[in-house]
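**Q** please find the sequence and the predicted model below.
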Amino acid sequence: MEIIAVPAFTDNYIWIVHDEESGETAVVDPGDASPALAECERRGWTITQVWNTHHHWDHTGGNAKIKEATGALVSAPAAEEIRVRDVGLSEGSELRIGNHLGRVIEIPGHTLGHVALVFDDPRMAFVGDTLFAMGCGRLFEGTAQQMHHSLQRIADLPGDTALYCGHEYTLANARFAEHAEPENEAIAVRYERVRAQREKNEITLPTTVSEERETNPFVRATNWEEFARLRAEKDSFRS
Ligand SMILES: [Zn+2]
């Protein structure tokens, strides 16, 4: 299984999942069709599936064009308004690419129908705009209780699960994380690493569940009230 990040817009990542064995290719959250189609063409891959984590345009805007160009099957949250959807995803839905079986967990908060796509072999999860490296998504539709619960569901996955997030927000998140937990050595070390990576314009993803347990204040919040306080503080944080 090969997983490629395709940058889109200012800071989005479109993830391309290619299974050599079956020749299948899935594109996760294609806000823009062109860069995803171009990357797959360059590699000689034909897109067979599109997976969406939530309805925001910067994650679904390319659905129609990719489907038109390739005939790909579009799987997207059942509970959200998504224009081009063949299969509705909800808690417990299964996804398949070649012989790799994934399952859907509902993680509301950023949007109400937001889902994560979780695979055991290899261990990976596409978490959209719910969890970011060292941070989390804004509460556009859901409540702090919902988001806290959703982040804990992700944090409960095996520690070596690779997490593929929808945006490159790690540096700004690291600044806030250091502000929130000035005594946390793991955060300080990661902040330096991320700063060096971003200076070279390198990607900081995927992250892992265990790294987030150690360095993500939103994951580390022990109850929803603490989470809510952090989220509100981050919304107005200027580094
Ligand atoms: Zn979003």
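**A** Structure's in. What do you need?
**Q** any buried residues in the helix or strand S34 falls within, and which?
**A** Assigned by DSSP states H and E, S34 falls within helix 33-43. Neighbour-count burial for helix 33-43, counted by 16 or more other Cβ atoms under 10 Å, picks out A33, P35, A36, L37, E39, C40. Placement of C-beta: from N, CA and C, glycine included.
**Q** and S210, what element?
**A** helix 209-215.
**Q** which outside residues touch that helix?
**A** The contact list for helix 209-215 (Cβ atoms under 8 Å, 6 or more residues apart in numbering) reads 131, 133-134, 154-155, 157-161, 163, 177, 184, 186-187, 190, 219-220.
**Q** can you say which of the residues you listed are buried?
**A** Judged by 16+ other Cβ under 10 Å, buried ones among the contacts of helix 209-215: 131, 133-134, 154-155, 157, 161, 163, 177, 184, 187, 190, 219-220.
**Q** next step: the contacts of helix 209-215 restricted to strands.
**A** L131, L163 (DSSP state E).
**Q** check contacts around A5.
**A** Counted by Cβ under 8 Å, 6+ apart, A5 has contacts Y13, I14, W15, I16, I203, L205.
**Q** among these, which ones are in strands?
**A** Checking the contacts of A5 against DSSP E, those in strands are Y13, I14, W15, I16.
**Q** can you pull the buried residues of stretch 183-199?
**A** So, applying 16+ other Cβ under 10 Å, buried residues of stretch 183-199: N184, I187, A188, R190, Y191, V194, R198.
**Q** what does stretch 209-216 give?
**A** In stretch 209-216, counting by 16+ other Cβ under 10 Å, buried: V209, E211, E212, E214, T215, N216.
**Q** tell me how far the second one lies from the ion.
**A** Read that as E211. For E211, the distance to the ion (Cβ to the ion, to the nearest Å) stands at 22 Å.
**Q** output the below-cut-off pLDDT ranges for this protein.
**A** For the chain, the stretches with pLDDT under 70 are 239.
**Q** residue numbers of it in contact with the ion?
**A** Within the chain, the positions lying close to the ion (Cβ under 5 Å from the ion) are H56, D129.
**Q** for the helix ranked longest in the chain, packing partners?
**A** In the chain, assigned by DSSP state H, the helix with the most residues is helix 185-199. Judged by 3 or more Cβ pairs under 8 Å, 6 or more residues apart in numbering; DSSP states H and E, helix 185-199 is in contact with helix 170-180, helix 209-215.
**Q** nearest to R231 among the ones you listed would be which one?
**A** helix 170-180 (10.5 Å; Cβ to Cβ).
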